[in-house]
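Participant: next comes the sequence, and after it the predicted model I'd like to discuss.
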Amino acid sequence: MKTKAGLRKGQTLIEFTLVGIPLIFVLISIFEISRGMWVYETLAHTVREANRLAIVHGRNCHPSVTQIHNCTLTVGAVATRLKQQGTGLDPNLLELTFRVIDKADPNLNNAATAVTGTLSSLSGNATLFPPITARFYMDDISITGKYPFRSALAMFWPGAAPVRFSPVIWMSADARELIQF
């Protein structure tokens, strides 16, 4: 004959199974959502800071042809700023697009001035940004960043293969501001 203590042990195990396992899933979900928010906020902050560097870099320069060469900024210098600000972002996965948007023809987006690549590939790029052809006080500078995010939550869905992460969710951030020099 079973005693009340033996029945109590079985009841505790069943209660833990019914309450504990969903609670663990909720905690892991909170951590994954927080990690996704951290990745997005880091990406947005990084792109915003790099764009700020690009729009004000020539603030002490006169926009004449003779003075512009003393105020040059390269894509590599902006990429270095991105790398400094983007702590935790993998430079091989962060895709960037640098663009000057001509106010006279906003639909064209001045595709000739667009530079695209990963952060690690753009770090040594010596292309001037913004280019000398950009009109001062009239054009916008746009920097767009895309970063892949994979969540570990897919491991817990029924029917998922063991230790398989979810498909890539591309997080993107864009900063666009008027040239300030």
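Facilitator: Yes, it's here.

Participant: can you give me the pLDDT of the nearest residue to Thr87 once chain neighbours are set aside?
Facilitator: Take Thr87 and drop its neighbours on the chain: the residue closest to it by CB to CB, 6 or more residues apart in numbering is Thr42, 7.0 Å away. The way it works is simple: take the backbone N, C-alpha and C, and place the C-beta from them, glycine included. Note for Thr42: predicted pLDDT of 96.

Participant: likewise for Phe136?
Facilitator: For Phe136, the model assigns a pLDDT of 59.

Participant: and what of Phe98?
Facilitator: Predicted confidence (pLDDT) for Phe98: 91.

Participant: what's near enough to touch it?
Facilitator: Ala54, Val75, Val78, Thr113, Ala114, Val115, Thr116, Leu122, Phe129, Ile141, Ser142, Ile143 (CB atoms under 8 Å, 6 or more residues apart in numbering).

Participant: out of the residues you listed, list just those in helices.
Facilitator: Ala54, Val75, Val78, Leu122 (DSSP state H).

Participant: what's the closest of these to Leu18?
Facilitator: Leu122 (52.5 Å; CB to CB).

Participant: I'd like the distance between the residue lying closest to that closest one once chain neighbours are set aside and Leu23.
Facilitator: The shortest distance from Leu122 to any non-neighbouring residue, by CB to CB, 6+ apart, is to Ala79 (4.3 Å). Plainly put, Ala79 is 44 Å away from Leu23 if you go by CB to CB, to the nearest Å.

Participant: higher neighbour count, the two?
Facilitator: Ala79 (26 against 10; other CB atoms under 10 Å).

Participant: thinking again about what came up before, can I get the ones in helices among the contacts of Phe98 in JSON lines with distance to Ile179 and pLDDT?
Facilitator: JSON lines is the format used below for the ones in helices among the contacts of Phe98 (distance: CB to CB, whole Å; pLDDT from 0 to 100):
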{"residue": "Ala54", "distance to Ile179": "8", "pLDDT": "86"}
{"residue": "Val75", "distance to Ile179": "16", "pLDDT": "89"}
{"residue": "Val78", "distance to Ile179": "14", "pLDDT": "90"}
{"residue": "Leu122", "distance to Ile179": "20", "pLDDT": "93"}
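
Participant: closest one to Pro91 out of those, please.
Facilitator: The closest of the ones in helices among the contacts of Phe98, once distances to Pro91 are taken by CB to CB, is Leu122, at 9.1 Å.

Participant: cheers, nothing more for now.
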